[in-house]
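Student: how would this look folded up:
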Amino acid sequence: MTLTRAQALEDLGWLRRSLEYVYPSLYKYDDKASVDARFDGVAARIGDQVMGLDLLALISRTNAAVRCGHLYTIPQGRLAREVLNKKVLPFRIKVLDGGLYLLDDTSRPSIPSGSRILSINGRSDRDILDGVRSGIAADGYIETRKERLMERYFSYDLQGFDLYYHLHVDRSDTFEIEYSEYGTKEVKKVTRAGLPIEERARLRRNRYGFDERAWFKKPSPRFALSEGLGYAVLTISRSFEDKGVDPDYDSLLRTAFHELRTKEIGHLIVDLRDNEGGSEHQQAELLSYLCPTPFKLYQNVFLSHLDFRPLAPVVVERDRAQLLFNNDDEYMRRLGESLWINNYEYSDALSLKPPREDVFRGKLYVLVNGGTFSSAADAVADIQRTTDAAFIGEESGGLYEGPTGGDSIVVQLPHSEIRVRISPNIQLGYMYRKHPVGRGVVPTHPARYSIEDVVAGRDLEMELATALVQRSRTSPP
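Tutor: Sure, this is the predicted structure:
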């Protein structure tokens, strides 16, 4: 796909107007002059013609600079086909301590898993990672979120190292790879042909048992009780329900926490790693069993506008009649030209809820990583504010102060057909405490992996949690 300068500038103009109108935190991290200069700089880089992939890369970096993990840049139509039909590296990657490593090489002869990538097509690992990071939309200053998104191998048109590398580093079909071999540390160089995405997925599955759809196939939630060891594990890997895979969420929690209380289990590990968020109902249900005092999800909800009709020419995924939000009951109160606030506690998310009868009163351990995002990251922040839980892993992927997300306005740029999903909301977390702006929950017990740990398949977060349980159980009162 190729666009003229006029077409590309019109698309950029609609993106700019949409962000300025819809997104209430556009100037949270940079002042208006800086944001204006960024947009002007992007427009100045447009030549007489621009390839669709180059425009997608520019828009992705422009959106990533806003520092909102809910600001999604999604190619459509011909551009999406270009993205999905590219040739990709024959292995998956792991990011550790600023280094880039490879796993599960599908080429022959295979590069050993755990080998460190020094360069690809002459670009150093540092150069590659800097280029990739520039195009990843993540909340605030949270780098763990970007690293976990690099390691993702589904949603190929939206996220993952293959997409980021193709847009922001190199679009070659072949790859000259310089690496330090795992074990020997001998520096070697090989050239590998890129593979179609589907072919690499098939080879991984056959050779390594790596299923790219495993996240969707494992039931969530899962509950495992180790009664003899005095602890249980509640794993909530997803916050949306797939009725073909998942048990009933409310029923499982009700049964699990009743069992914890009646069997007097004093230690609970809650695993929220890689939970991308979604359901506020699931968030509230979990908190009702963990928070010993009344709580609510948010102190306030802010909204940029109630009338989105000025963007009608480019809004998609929404009936035109729904561009003017109904405020007959005055559930939102105007604070200024571009900001509204909830006028009363009109929803479950803004209403105090009592703890459940079977609320857990023992020692709580929460496993968290950069893949813990949106409502799941907000749940982690709520747990930190209302309990004395231990947090194990790495910084959560969502803001401590409260998520954007929720409702969204989706615009489709007219010529490139790139879709941009923009949240008009800000949710301020309940019982907010002073915390560095733009950061997630930082673990009390960090899990620091080496590449040897990764190759061995160790689960350091769970190892740390069970060690803390045993230490607590054997320590004198």
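Student: who's in contact with Pro355?
Tutor: The contact partners of Pro355, taken as Cβ atoms under 8 Å, 6 or more residues apart in numbering, are 288-289, 291-295. C-beta coordinates here come from the backbone N, C-alpha and C atoms, glycine included.
Student: should've said Glu394
Tutor: Counting by Cβ under 8 Å, 6+ apart, Glu394 touches 144, 368-370, 443, 446-447.
Student: Dump the residues you listed into JSON lines; add secondary structure and neighbour count as well.
Tutor: Output for the contacts of Glu394, formatted as JSON lines (DSSP: H, G, I helix; E, B strand; the rest coil; neighbours: other Cβ atoms under 10 Å):
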{"residue": "Thr144", "secondary structure": "helix", "neighbour count": "21"}
{"residue": "Val368", "secondary structure": "strand", "neighbour count": "32"}
{"residue": "Asn369", "secondary structure": "coil", "neighbour count": "25"}
{"residue": "Gly370", "secondary structure": "coil", "neighbour count": "27"}
{"residue": "Pro443", "secondary structure": "coil", "neighbour count": "21"}
{"residue": "Pro446", "secondary structure": "strand", "neighbour count": "14"}
{"residue": "Ala447", "secondary structure": "coil", "neighbour count": "21"}
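Student: Looking at the residues you listed, spot the one nearest Gln283.
Tutor: Gln283 has its nearest neighbour among the contacts of Glu394 in Val368, at 14.1 Å by Cβ to Cβ.
Student: Helices of the stretch 351-477 of the chain, residue ranges please.
Tutor: Along the stretch 351-477 of the chain, counting by DSSP state H, counting those that start in this stretch, helices occupy 375-386, 451-456, 460-474.
Student: Which stretch among those helices is buried most, on average?
Tutor: Highest mean neighbour count of the helices of the stretch 351-477 of the chain: helix 375-386, a mean of 26 (counted as mean count of other Cβ atoms under 10 Å).
Student: now it: how far from the chain's centre is it?
Tutor: Averaging C-alpha positions (Cα atoms, centre = their mean, to the nearest Å) puts helix 375-386 15 Å from its chain's average.
Student: again with stretch 67-78
Tutor: Distance, stretch centre to chain centre, for stretch 67-78: 13 Å (Cα atoms, centre = their mean).
Student: So what would you say the end-to-end distance of it is?
Tutor: 28 Å (Cα to Cα, to the nearest Å).
Student: So for that stretch, mean pLDDT?
Tutor: Mean pLDDT, stretch 67-78: 96.
Student: and if you look at stretch 452-466?
Tutor: Averaging pLDDT along stretch 452-466 gives 98.
Student: just to revisit the earlier point, put together a markdown table for the contacts of Pro355, with distance to Gly47 on each row.
Tutor: Conversion of the contacts of Pro355 to a markdown table gives the following (distance: Cβ to Cβ, whole Å):
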| residue | distance to Gly47 |
| --- | --- |
| Ser288 | 57 |
| Tyr289 | 58 |
| Cys291 | 56 |
| Pro292 | 61 |
| Thr293 | 60 |
| Pro294 | 59 |
| Phe295 | 54 |
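Student: List the ones among these that fall in strands.
Tutor: When DSSP state E defines the strands, the subset of the contacts of Pro355 inside them is empty.
Student: Restricted to buried residues, select the residues you listed in ChimeraX.
Tutor: Restricted to buried positions by 16 or more other Cβ atoms under 10 Å, the ChimeraX selection for the contacts of Pro355 reads:
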select :288,289,291,295
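Student: what's the closest of the contacts of Pro355 to Asp162?
Tutor: The closest of those, once distances to Asp162 are taken by Cβ to Cβ, is Tyr289, at 39.2 Å.
Student: Residues touching the longest helix belonging to the chain, excluding its own?
Tutor: Assignment by DSSP state H gives helix 5-22 as the longest helix of the chain. Residues outside helix 5-22 that contact it (Cβ under 8 Å, 6+ apart) are 3, 26, 39, 42-43, 46-50, 55, 58-59, 62-63, 66, 304-305, 308, 310-311, 313-314, 338, 409, 411, 413-416, 418, 420, 422-424.
Student: repeat for stretch 445-465
Tutor: Against stretch 445-465 from outside (Cβ under 8 Å, 6+ apart): 94, 96, 101, 103, 113-114, 116, 182, 233, 269, 271, 273, 365, 367, 369, 390-394, 468.
Student: Quick check: end-to-end length of it?
Tutor: End-to-end for stretch 445-465, by Cα to Cα: 9 Å.
Student: before we move on, what about stretch 431-447?
Tutor: Length of stretch 431-447, first residue to last, Cα to Cα: 28 Å.
Student: please renumber so the chain begins at 893
Tutor: Sounds good: first residue 893 from here, last item stretch 1323-1339.
Student: Distance from the chain centre to it, please.
Tutor: 16 Å.
Student: I'd like the mean pLDDT over that stretch, please.
Tutor: For stretch 1323-1339, mean pLDDT is 92.
Student: And stretch 987-1007, by the same measure?
Tutor: On average, the pLDDT along stretch 987-1007 is 96.
Student: Mind listing what's buried along that stretch?
Tutor: Residues of stretch 987-1007 classed as buried: 987, 992-999, 1003, 1005-1007 (neighbour count, 16+ other Cβ under 10 Å).
Student: Around Ser1239, how many other residues sit close by?
Tutor: Residues lying near Ser1239 (other Cβ atoms under 10 Å) number 14.
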